[in-house]
Structure formats: C-alpha cells, structure tokens
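**Student:** build me a structure from this.
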Amino acid sequence: MRRALVRLEDLVASSALLVMVLLPLSEIVARRFFGRGIPGSGPIVQHLTLWVGFLGAAIAAREGKLLALATGTFIPQGKWRRAADILAAAYGACASVVLAFGGWQMVMIERDTGTEIGAGIHAWVTQLVLPVSFALIAARLVWRVGHATLQENLSAPDAPASEGGLAHRSSPGSRAGEGGKASAVRSIDRALASIGIVAGVLFAQMPSLLEGHILWPAAVVIVAAAFLGTPLFAILGGTAAFLFLHDGVTPATILVETYSLSVSPTLPAIPLFTLAGFLLAEGHASERLLRVFRAFFGWIPGGTAVVCAVLCSFFTVFTGGSGVTILALGGVLFPALLKDGYRDRFALGLLTASGSLGLLLPPALPLILYAVFAQIPIQDIFIGGILPGILLTTMISAWGVREGIVSGAARHRFRAREALASLWAAKWELAMPALVLIAMFSGLATAVEAAALTALYALVVQAFIHRDLSLKRDLPRAFAECVTIIGGVLIILGVAQGFTSYLVGAQVPATLVEWVRGHITSRLMFLLVLNLFLLAVGWLMEIFAAIVVVVPLIVPLGAAFGIHPVHLGIIFIANLELGFLTPLVGLNIFLASYRFKRPVLEVCVAALPMMAILGIGVLVITYVPWLTTGLLGLFGR
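**Tutor:** Model (predicted):
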C-alpha cells in the first residue's frame, strides 16, 4: 500500500511537471502558426505549479528533504537528539495540521463560489492539493521521528576484536533484538510527536485557545523549534497561523495568500528552469563544460580554480542556488583541484562559495522571484544583474589566481586545437543562456514559455544529441528530484506569503518607512544599514523565504530614498547570496559538509575568505549603481 502511494505521488507530480513543459510550448506554436493561443493554457499551467509545488513538498517530507536550519544537526546523538527530533516534529506537525484545516476551509468557500480556471475545471478541485499535502506532511514528520537513530542501530558495525585477538560478532538474534529495541523506541518517539497533531486539531477547532493571549510563550516555542530543526515552512506558516488566530482571523487567510502566489503568472518559470538544470546535471554536461573552460582558462595561474568558479556560476544560473551545483559538480571538481595541487582548505572553501555564484545572472530563479514580488519587469532585472554577477565571479576567480601562484598549482597548457574541439563539443550547453535571452527579448516567448523552451532544449541536447540521458532510467529520476527540490522551496514561498500578508495588514512596512526616515537622513547611510540588515536576514532565513517576507518591507524604503528599483533588487539578492555562506546555518555550508563529508565548522572556516571577498563585492555593487543601471540605459529600459 505504501509503495503504491509513493509511486502514485511521484507519477502525478512528474506528470504535472511534464504538462507544464508541454502546454507553454504548444502555446508558442499555436500563436505562431494559428494567430491565437490555447484557451485556458496560462491558468492551467499556473495551477499545475500549485500541484507540483505542494505534492513535491509532500514528497520532500517523505524523503526527509524539507529545508530546515542546520543547527539541529549539532546536537549529538543520544537522548538530547531524540528529544530535539520529537519537539521539532511535533511543532511541524501542529503547524501543518492547522494549515491543512485552513486549506480545507478555503476549498469549501471556493466550492460554493464555483469559479472555473478553464477547460471546465473548477478552482476548488485544484485547491484540494493544499489540505491533502499539508495533512500528508504532518503525518510524515511524525513518522520520520527517530529515522536516523533506527538506521544507525540497524547498520551499526560489529564490535572490535577482543583482547584475546578473536573478533566478537553479534549473532543474528542479538542484532534482531537490537533492531526490535530500536523500533520500540521509535514507536514511543512517534507517539510523543503525535501530540503535535492533536494540538493542531485543537487549535484549528477551538481558536479561542489562542485568541487574545500573550505572545511571548509562543514566540519562545517557535524560535526553539526553528533551532531544533523544524522545517522552515512550518516556522513561517506556524507563526502566521498563530498571529492570525491570536487576532481572531481564520488560518484560511494564509492559504488564500498561498494560493494567490502559487498561481501567479510568472512563478511557473521557477520549476521549469530548475528542471533544465537537473537535466544538465543528469547528463555529462558538467564534463563537457569543464573541458571547454579548462582549455580556455587552464593556462593562467590558478586556472583550475577559475574554471571551477565559472562552471559553478553557469550551473547555478539554472539550479537557483538550491545546492544542486555543489551536489552535482563537487564529485568532479574537488578531486580535480586536489590533483592540480591546490590546498584542501582552499578547494573546500572555493566550491562551497561557488555553489551560489551565478544568482545575479539571467535567468537565475531569485531574479525572477524578486521581480514578481517587487512588481518590476523580469527583463529589467535580468539586464541589471549581468555586470554585478560577472563582478562577483571575477573576484572569486581572482582569489583562485592568487592561490594558484602561492601554492604553485599545476597549469594546463593552451592548445588551440583542444580549445576549438572542446568548444565544439560543448556548443549546445553554452548556447542555453543565449536561447533564454533571445526568446524573451525578441518577443517570441514569455518568461514561462522561455523556461519551458529551455527545459525542452536541455532534454533534446542531453538525450538525443549527446545521448547521455536515458529516457527510461535518468529522466524519471531527474523529474522526481526536481519536484522534490521545487516542493521544498515553493511551500516556503507559499506560507511566507501568508506571513507577509499579516505584516502588511499590521502596517509594519509603513511604520518601518516612517521610523527609518525619522532616524536616517543620508542615502549612503541607509544603504550601509540596508546591507547590515540583509546580512542578518541571510543569516536567519533561506533566500526564497527572505524574498517573500522582506521585499515588501524594503521596496517602500528604497523608493523613499530614491534608489532605482532594479538596483535595490540586485543589492538584495547579492546580500542574500552571502547568506548561503553564513557560518552554521548557510545552505551551502550544510550541503558542502554533506557532500565532502567534512565537519560543519571546518567548512565554515574554509569558506570565510570567500565570504569576505563576496562581502567586498556586495559593497561595490551597492555604492556603484552604474554596474546595475548602466546596461539598462544602453538597452533603453
């Protein structure tokens, strides 16, 4: 039964993502040859994003891949780790249940309204994925309690040799007994975590338990849950739900905002561009690109380090800094750096930092998302990010050149024949960014249609031209992994939108503008304070959630101080790029620790020089606005 549910989930989510690719492509063809689009195509794709996002989140919960702060991993295994896991799961389940009830209330209201999205499909049918997904997530958070502990017990190595030299090996019976004991402990842990589900039902059915009560005890619980490892969506969604219930407002308000974001016209570009990145990663694109960049840059001092920075930047453009770059390329690039004589610490820090390079280059996902929330043209922020993105990549590359000189790392002699051969071999991958920009700026395709075109292009190149991607073996895995990553991101975006709605309703942005204008009069001082604030945000929040929560707060401030809206967006994303390297909680720190099997503190130390370099780059971007607005003027934007 469980296996059938797993297969059904994967099939439905992957099928929805496939239709998301096909419909925009059909729209381009229909508009081109028949002079009109496909009726209902846009709304259907938008609602499929809702399904991909929230079914993907349920799958991420099933696989234990929901995004959370890395701080919970610092608690050593034992009773304290067990207690932390139980509390984190209980709070996550409680928040999920409340959100599931809110989703069900919204579905019932929409059912009475009878709105159709197109092709005779009622909106409430598509919205059903919200309460179902949140309910599944609640159950899975409880079910996975103690998962790591049980796996550790079942896979524990045999005892070492005795003093007499004879190895003492556990008998099958004793190992079975240990496994049974671990299973019993896990059952107790699940029962305790299930209290969160009961609490969620009580809060949803009896909101008077929270209405009008003091706030600080709940704040303490939420902060503790965040540091213990509760998924970020539950922290943001639970906070929003508590605040709304405290004010006597139904949690359905959160889900209305979640729904409105999930079906926004440009949001489908995010899963489609991410799919293109996964298709590249599944093929041998990284090897072809490594060859071409090494052929052209390997002859300079620190050439391999420069190649790593440029290659990671290229991949991150399409993966959105979700960690795919580190996971996909780390196994290839880390040994290459060590083989050429680079110091271990430098190689570790370089790849950790390079995993977030490229976030300012089009069509990086944070650029798209910022444009959606700041309500500025996507094309403008794409243009504005080109020079700042090149600057940050160049600065990291320059540090690689220095390292190459200091360590005497090997170089690769330039050979014109090899350079041309590698360029020819990687020509299809190198053309991808140009394809996106031409499709969008020529008027051939919208952002979503360009994303679908990019995904199709990546599939054709990897599966049919290079034949590195098996349609039967690799393609389903690429779709499943993409859905899981996108689900972990989109559920955060959705509930964060509800939290932002509360802040706006409470007049927080207006109050903040008044306070800042009353205490800061200098534009330069405001920019410095903004950088410090965004650095703190990057330390506390994941980049996608930060965009949803913080952008509505800083956009009015930027306007008040006369900062160009595109420049403000580039400052914002550049600062949040540093958040990936923030000691202890940065996503790149955590993923590099996992990928390279190194302690988190060791990765933090290795990444500090790169963080300092990027910090200097952020200051240059902030105080030299021409880097952002110069190309906009040339393009007449």
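
**Student:** list the contacts for Leu369?
**Tutor:** Listed by Cβ atoms under 8 Å, 6 or more residues apart in numbering, the contact partners of Leu369 are Leu267, Ile270, Leu493, Phe544, Ile547, Val548. Backbone N, C-alpha and C define where each C-beta goes, glycine included.

**Student:** roughly how far apart are it and Leu631?
**Tutor:** Between Leu369 and Leu631 the computed distance is 21 Å (Cβ to Cβ, to the nearest Å).

**Student:** contact partners for Thr239?
**Tutor:** By Cβ under 8 Å, 6+ apart, the contact set of Thr239 is Ile222, Phe499.

**Student:** on the pLDDT front, check it for me.
**Tutor:** For Thr239, the model assigns a pLDDT of 91.

**Student:** check Ser162 too.
**Tutor:** pLDDT, Ser162: 38.

**Student:** where is pLDDT lowest across the contacts of Leu369?
**Tutor:** Sorting the contacts of Leu369 by confidence puts Phe544 at the bottom, with a pLDDT of 75.

**Student:** ok so, going back, among the contacts of Leu369, which lie within helices?
**Tutor:** When DSSP state H defines the helices, the subset of the contacts of Leu369 inside them is Ile270, Leu493, Phe544, Ile547, Val548.

**Student:** what distance do you get for the fourth one to Thr250?
**Tutor:** What it means is Ile547. In this structure, Ile547 lies at 26 Å from Thr250, with Cβ to Cβ as the measure.

**Student:** where along the stretch 251-400 of the chain do the helices fall?
**Tutor:** Assigned by DSSP state H, counting those that start in this stretch, the stretch 251-400 of the chain shows helices spanning 252-262, 269-282, 285-297, 303-319, 324-339, 344-354, 365-374, 378-384, 386-407.

**Student:** packing partners of the shortest one?
**Tutor:** Right, the one you point to is helix 378-384. Identification of packing neighbours for helix 378-384 by 3 or more Cβ pairs under 8 Å, 6 or more residues apart in numbering; DSSP states H and E yields helix 365-374, helix 432-441, helix 565-579, helix 626-634.

**Student:** also the fourth one?
**Tutor:** The elements that helix 303-319 packs onto, with contact taken as 3+ Cβ pairs under 8 Å, 6+ apart, are helix 269-282, helix 285-297, helix 324-339, helix 344-354, helix 386-407.

**Student:** select the helix or strand of this structure having the lowest average pLDDT value.
**Tutor:** Taking mean pLDDT, DSSP states H and E as the measure, the chain has helix 147-154 as its least confident helix or strand, at a mean of 50.

**Student:** verify the stated contact: Gly200 with Ala95.
**Tutor:** Yes - using Cβ atoms under 8 Å, Gly200 makes contact with Ala95 at a distance of 7.0 Å.

**Student:** who's more crowded, those two?
**Tutor:** Comparing Gly200 with Ala95 by other Cβ atoms under 10 Å, the one with more neighbours is Ala95, at 34 against 26.

**Student:** confirm that one sits in a strand?
**Tutor:** No - with the criterion set as DSSP: H, G, I helix; E, B strand; the rest coil, the secondary structure at Ala95 is helix rather than a strand.

**Student:** now the closest residue to it other than its chain neighbours: how far from Leu290?
**Tutor:** Of all residues not flanking Ala95 in the chain, Gly238 sits nearest, at 3.2 Å (Cβ to Cβ, 6 or more residues apart in numbering). Computed with Cβ to Cβ, the distance linking Gly238 and Leu290 is 43 Å.
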